[in-house]
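> Let me see the structure of the following:
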Amino acid sequence: MVESGRVAGAEVLVWKDGREVHYGSAGLADLEAKRPFARDTLVQVFSMTKPVTGVALMQLWEQGRFGLDDPLDRYLPRFAQVRVYDEAAPNKLRPPSRAITIRDVLRQTAGFTYGGANHPTDAIWNALQPLSPDHTLAQFAELMPKVPLLYDPGTHWHYSAGVDVQARLVEVLSGQPFDQYVVEHIFRPLGMTQSCWKCSPDLLPRLAAIYSVGKGGFERMPRETWLEPNFADKPMTMGGSGIVTTIDEYMRFARMLLNQGELDDTRILQPATVRLLSTDQLDPRIEDKDRLWLPSKGSGGFGFDVFVRTRPPQTAQENRGAVGEFFWDGYPSMLFWVDPLNDMAVVFATQKIPFDGTLHHDIRDAVYGAGYRGW
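You can find the predicted model right below:
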């Protein structure tokens, strides 16, 4: 990947059968400083933050703080006012066909948006900017219900700010700031001592730069455009993005999931909860056309903040993987997956934008072999 100019630098870590079986790195984390990609390199994982948020919320579910099919507005009352955008309705807005449930929020079927959906609601999102770095999660949860739903709850899968709603639920249900809760109940117990949202400035020299690749070669993204609220004195701590970590520390999170919620005698989730979140939660009546780009991830569905493979690869072009695996990725072409069938977890780290799925296809071919059938 590096020699062919597809990435400036990358690394991969494979854990299988209870031990590390491979670590490899190549290229540079910072081209200008000629700093290599190494095991202590810090990376921004963007949407690979989402499974961490889901685990935090499911810890509170285990404690009986809420029910999966409870209405969201029981805990965040402002969401009782949410409306669905409908061209045929008076003022183009109507009540949803049913209440949003917390299960909807966890499986991306609430009808929420992220903006940028090429939809009339984009203008409202842009005007309100619910996820502005200058907002707190509490302010976000006041603004988000004012953005109309794209669809009735449960009818479509649509990638959205629903995971940030999960983060606000963690705050309300636990009484702690979201990032503080995650540090106390996930990062610290797992030994993820360098994983953070609001990171100490002394970690900046180890942070990988983010590059785009064009005809002129690599272009470094200006820090103000690619550095998320990390290292910045901003109120927002997103549930859907923002974690900075190392490949080894994120692997500890992945190994905990592979080991059914436990790592080094520290239990984060019960085995049944890990099985629940890694089981396809989508109603089969939601057709592929109503799942946005999710079908491009492979033959499967969606659990709680993770893709879930339900069938082996159907073509040679589909990413290699095993039935029962679950995974997610992140905007700068980050990827992790957990494969219980093969007792394996993999983390692939690079910092390339826009998202390059061909890298994931090729790293999976390298791990499984191009002819792997998936069972």
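
> can you give me the helices in the stretch 1-150 of the chain?
For the stretch 1-150 of the chain, the helices defined by DSSP state H, counting those that start in this stretch occupy 50-62, 102-107, 122-128, 137-143.

> Which one of the ones you listed lies nearest to Gln260?
Nearest to Gln260, of all those, is helix 50-62, at 12.6 Å by C-beta to C-beta. In this view, the C-beta of every residue, glycine as well, is placed from N, C-alpha and C.

> Centre of the chain to the lengthiest strand in the chain, how far?
In the chain, ranked by residue count with DSSP state E as the criterion, the top strand is strand 19-30. Counting by C-alpha atoms, centre = their mean, to the nearest Å, strand 19-30 is centred 22 Å from the centre of its parent chain.

> What average pLDDT does it get?
Here strand 19-30 scores 98 as its mean pLDDT.

> who does it pair up with?
strand 9-16 (antiparallel), strand 35-36 (antiparallel) (DSSP bridges).

> Send me it as CSV with only the CA atoms.
Extracted C-alpha coordinates of strand 19-30, given in CSV (Å, rounded to 0.1, in the frame of the first residue of the first chain):
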residue,chain,number,x,y,z
ARG,A,19,-2.0,-14.4,21.1
GLU,A,20,-0.6,-11.8,18.8
VAL,A,21,0.2,-13.4,15.5
HIS,A,22,1.2,-10.4,13.4
TYR,A,23,2.1,-6.8,13.6
GLY,A,24,3.2,-4.9,10.6
SER,A,25,3.8,-1.2,9.8
ALA,A,26,5.1,0.7,6.8
GLY,A,27,5.5,4.3,5.7
LEU,A,28,5.2,7.5,7.6
ALA,A,29,2.8,8.9,10.1
ASP,A,30,4.1,12.4,9.3
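
> Now that strand: buried residues?
By 16 or more other C-beta atoms under 10 Å, the buried positions in strand 19-30 come out as Ser25, Ala26, Gly27, Leu28, Ala29, Asp30.

> what's the closest of these to Gln317?
Nearest to Gln317 among those, with distances taken as C-beta to C-beta, is Ala26, at 25.1 Å.

> OK, contacts around that closest one?
Met1, Val2, Glu3, Gly9, Ala10, Glu11, Phe37 (C-beta atoms under 8 Å, 6 or more residues apart in numbering).

> related to what we said a few turns ago, return the member of the buried residues of strand 19-30 nearest to Leu335.
Ser25 (15.2 Å).

> I figured the closest one was touching Val43, is that so?
No: with contact defined as C-beta atoms under 8 Å, Ser25 and Val43 do not form a contacting pair (11.8 Å).

> Would you mind listing where the stretch 201-350 of the chain has pLDDT under the threshold?
226-231 (pLDDT under 70).

> those strands in it, which residues are they?
For the stretch 201-350 of the chain, the strands defined by DSSP state E, counting those that start in this stretch occupy 211-214, 217-220, 244-245, 262-263, 266-267, 300-302, 307-309, 326-330, 334-339, 344-350.

> okay, these in TSV with mean neighbour count and distance to His185 next?
Listed next are the strands of the stretch 201-350 of the chain as TSV, based on neighbours: other C-beta atoms under 10 Å; distance: least, C-beta to C-beta, whole Å:
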stretch	mean neighbour count	distance to His185
strand 211-214	15	34
strand 217-220	13	36
strand 244-245	25	16
strand 262-263	18	14
strand 266-267	12	11
strand 300-302	23	24
strand 307-309	22	24
strand 326-330	24	20
strand 334-339	24	20
strand 344-350	26	21
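
> can you tell me which of those comes nearest to Phe187?
Closest to Phe187 of those, according to C-beta to C-beta: strand 244-245, at 8.9 Å.

> ok, residues contacting that closest one?
Residues from elsewhere that reach strand 244-245 (C-beta under 8 Å, 6+ apart): 42-45, 192, 194-197, 199, 203, 207, 230.

> ok, so of those residues, who is nearest Asp73?
Set against Asp73, the nearest of the contacts of strand 244-245 by C-beta to C-beta is Trp197 (27.1 Å).

> Distance of the closest one relative to Asp179?
Distance, Trp197 to Asp179, by C-beta to C-beta, to the nearest Å: 5 Å.

> Now Arg141. Nearest residue, chain neighbours left out?
Wrong residue type there; residue 141 is Ala, not Arg. Arg168 (4.4 Å; C-beta to C-beta, 6 or more residues apart in numbering).

> now the one you found: how far from Ile210?
With C-beta to C-beta as the criterion, Arg168 and Ile210 are 27 Å apart.

> Those two: which has the busier surroundings?
Applying other C-beta atoms under 10 Å to Arg168 and Ile210 shows that Ile210 carries more neighbours, namely 24 against 21.

> so how far is Met48 from that one?
Using C-beta to C-beta, Ile210 is found at 14 Å from Met48.

> Then Ser333?
Distance from Ser333 to Met48, by C-beta to C-beta: 11 Å.

> Kindly report the same for Ile124.
Separation of Ile124 from Met48 (C-beta to C-beta): 28 Å.

> the more surrounded of the two?
Just comparing Ile124 and Met48: by other C-beta under 10 Å the higher neighbour count belongs to Met48, 27 against 17.

> nearest spatial neighbour of the more buried one, skipping sequence neighbours?
Closest residue in space to Met48, ignoring its immediate chain neighbours: Gly330 at 4.2 Å, by C-beta to C-beta, 6+ apart.

> Pretty sure that neighbour sits against Ser47.
Yes: assessed by C-beta under 8 Å, Gly330 is found in contact with Ser47 at 4.6 Å.

> so who does the closest residue to Arg35 other than its chain neighbours touch?
Spatial nearest neighbour of Arg35, excluding adjacent residues (C-beta to C-beta, 6+ apart): Ala29 at 5.3 Å. Contact partners of Ala29, counting by C-beta under 8 Å, 6+ apart, are Ala8, Gly9, Arg35, Pro36, Phe37, Ala38, Thr41, Leu207, Ala208, Ala209, Gln351.
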